[in-house]
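**Q** Prediction below, plus the sequence it came from.
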Amino acid sequence: MLRRTKILATLGPASDKPGVLEALFDAGIDVVRMNFSHGTAQDHIDRAATVRALSKKTGRLIGILCDLQGPKIRIAKFKDTKVWLNEGQAFALDIDLDIDAGDTTEVGITYEPLATEVVPGSRLLLDDGRIVLDVVKTDGARINCTVHVGGYLSNNKGINLQGGGLSAAALTEKDKEDIKTIGIIGADFVAVSFPRCAADLDEARALLEAEGCYAGIVSKIERAEAIEVMDEIILASDVVMVARGDLGVEIGDAHLPAVQKRLISRSRELKRAVITATQMMESMIENPIPTRAEVFDIANAVHDGTDAVMLSAETASGNYPVQAVKAMANICLETEKERSVQKSSHRIDSYFDRADEAIAMSAMYMANHSKIQGIVTLTESGSTALWMSRISSGIPIFAFSSHEKTLGRVTIYRGVFPVAFTHDSMNHADVNRSILEKLSKRGHISKGDTLIITKGDLTGSKGGTNVLKVVTFGKGLTP
C-alpha cells in the first residue's frame, strides 16, 4: 500500500550530517523545505543541488519548497541576555531605546510603526504567547504596558498582536532578495509568510516570474485577518499551509482546531492542496518516539484530508530526524487504511463545464466503485492529477509527465505519485503498453491488475485530457 499523505521535511544542520539526507529519502520524504529564516543563499543553493542529485541517483523525485522569512516583528536585546518579568509590573517597548539596552523595565523593538498600531487595552503576545503584555498607553514611539503573564524573556523574541491587525508587509526587502536565489534554485514551491490578502501572493508570483521561476505559491495562514478573507487567499494560492504557530498566538490556541478543519476543507473544495504544519512531532527533537498526542494530531489531519504534514526542527536540528519521518509515515499509512478516510462525496452534485475535469472526476468515481488497482493520468500541467487528488480514495494516482516542473508540482498532492515519461512519438496502443510496463517494473502492478488511464488525443496539449480507458495488465497489455 502506497502512503498517500505526503511528508515535508525541513533541511538544516541535522540533515546536513553525512548519510542523513539519504536516510530521509529512504524513510519516505516527498518534499524538502528550505527555511530562508536561517542560513545563507549559498547554503540553500547547495542543499537544493544535493537533493536533485540524490533524486536522480535514487529515482525518487523529491519536491523543493523554499519558505520566505516574511516580516519578523521582534523585541531587541537585553543587557544581560534575558530578564524575569513579574505579573502586574510595568514594562515598556520603545523603538528609540538602544538595540542592546533592555532591562527589567523596558526593551527596544524592531518594528517602528508598532506604537501607532496599538491602543490602550491591546494585548501583545511575546515569545509565542509565553509572555503577555497589556497596553496601558502610548507615548510617541514608546508603548507602556502591564505584564499580564510573566516569566523569562530573552533577546529577539517575536511580537504578535492578539486578534491581528499589524500592517507589516508580507514581503520584506530580504524576501525580495531571497526570491532571486529561489530563481537560481528553480524551486517547485515558494511559501509566502504572513499574507493578508490575495495581492500579497500576486506580488510574490510576479517577482518570481520575473526571475524565470514558475513555482507554486504556498500561502502560510498565520494572521488572524487572513481567516476573514480565507477564500480570497486560497484562490490566489496553489497550496495553503496551516501554519499553527503564529496563527495560534493571534487567534488563541483554543480556536485552532476548528480553523484548521475549515482551512483543509475549504482548500480541497476550491481545488487547492493543503499542508498542516507546526509542532506535529516536536517532542521528537529530543526523543526517539512521539507522544500519543502527536500521533493523534497527525492522524486527525489525515482524516480531515490534508495533502501533506510537515516536520520543522524535528528534521532540521533535532536529534532523531530519520526516526521522526519513519514515525510520521507509519501513522499516516495506518490512518489511511481506515475505510472512512477513503470515502468521498466531493463535487458529487456538481456540473462540470470542462471535459478534462469531468474526465478526472469520472475516473475517480469509477475507480472508487469498481475493482481498479490504480489510475494513470498523462498530464502536461498537473491539473488532472490535482482534481483527482481532491477525491478521497485508497487507489494510487500515477501522474505521468515529460515536464520536470509538473512532476515537481505533483509531489505534494495527496495520493499522487510522479512518473517521468516521454511519449511524443508513440501511438495510443504503444503509450498504454509503455505505461503498464513502467509500472510493472516499479512493482506497482501485477498481472491481472486493472487500471484507468486518462490522456488527450493530442499529446503536448495543456488542458487536452479527453480520453478515459480501462486496461488490464497481462491481457495483451492493452485491451
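**A** Cool, the structure landed.
**Q** now the nearest residue to Val31 once chain neighbours are set aside: how far from Thr422?
**A** Distances taken as C-beta to C-beta, 6 or more residues apart in numbering place Gly63 nearest to Val31, at 3.9 Å, with adjacent residues excluded. Where you see a C-beta, it was placed from the backbone N, CA and C, and this is true even at glycine. Distance, Gly63 to Thr422, by C-beta to C-beta, to the nearest Å: 20 Å.
**Q** Ok, Gly216 next?
**A** For Gly216, the distance to Thr422 equals 23 Å [C-beta to C-beta].
**Q** And for Ala49?
**A** For Ala49, the distance to Thr422 (C-beta to C-beta) stands at 24 Å.
**Q** Ok, Val309 next?
**A** According to C-beta to C-beta, Val309 and Thr422 sit 32 Å apart.
**Q** Have a look at those two and say which one is more surrounded.
**A** Neighbour comparison, Val309 and Thr422: the larger count goes to Val309, with 22 against 12 (by other C-beta atoms under 10 Å).
**Q** ok, the residue nearest to Ala355 when sequence neighbours are not counted - contacts?
**A** The shortest distance from Ala355 to any non-neighbouring residue, by C-beta to C-beta, 6+ apart, is to Asn466 (5.3 Å). Residues in contact with Asn466, defined by C-beta atoms under 8 Å, 6 or more residues apart in numbering, are Ala355, Asp356, Ile359, Gly456, Asp457.
**Q** Burial check on Ala9, number of neighbours?
**A** Counted with other C-beta under 10 Å, residues neighbouring Ala9 total 28.
**Q** Which secondary structure state is assigned to it?
**A** strand (DSSP: H, G, I helix; E, B strand; the rest coil).
**Q** That one bridge partners, please.
**A** According to DSSP bridges, the partner residues bridging Ala9 are Val32, Leu311.
**Q** For Phe417, see how far away the spatially most central residue of the chain is.
**A** Centroid-nearest residue in the chain, with C-alpha atoms, centre = their mean: Ile275, separated by 3.9 Å. The gap separating Ile275 from Phe417 is 18 Å, by C-beta to C-beta.
**Q** and if you look at Thr146?
**A** 55 Å.
**Q** From the neighbour counts alone, determine which of those two ranks first.
**A** Neighbour count, other C-beta under 10 Å: between Thr146 and Phe417, Phe417 has more, with 23 against 14.
**Q** Check whether that one really touches Phe400, as I assumed.
**A** No. Applying C-beta atoms under 8 Å, one finds Phe417 not in contact with Phe400, separated by 9.9 Å.
**Q** Okay, buried residues for the helix of greatest length in the chain please.
**A** When the chain is scanned for its longest helix (criterion: DSSP state H), the result is helix 41-58. Neighbour counts over helix 41-58 (16 or more other C-beta atoms under 10 Å) mark Asp43, His44, Arg47, Ala48, Thr50, Val51, Arg52, Leu54, Ser55 as buried.
**Q** Can you tell me which of the residues you listed comes closest to Ile264?
**A** Val51 (27.1 Å; C-beta to C-beta).
**Q** check contacts around that closest one.
**A** Counting by C-beta under 8 Å, 6+ apart, Val51 has contacts Leu11, Leu21, Val32, Ile62, Ile64.
**Q** Dump those residues to CSV, plus distance to Gly448, pLDDT and neighbour count.
**A** Below are the contacts of Val51 laid out as CSV (distance: C-beta to C-beta, whole Å; pLDDT from 0 to 100; neighbours: other C-beta atoms under 10 Å):
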residue, distance to Gly448, pLDDT, neighbour count
Leu11, 42, 98, 27
Leu21, 38, 98, 24
Val32, 37, 98, 28
Ile62, 32, 97, 21
Ile64, 38, 98, 25
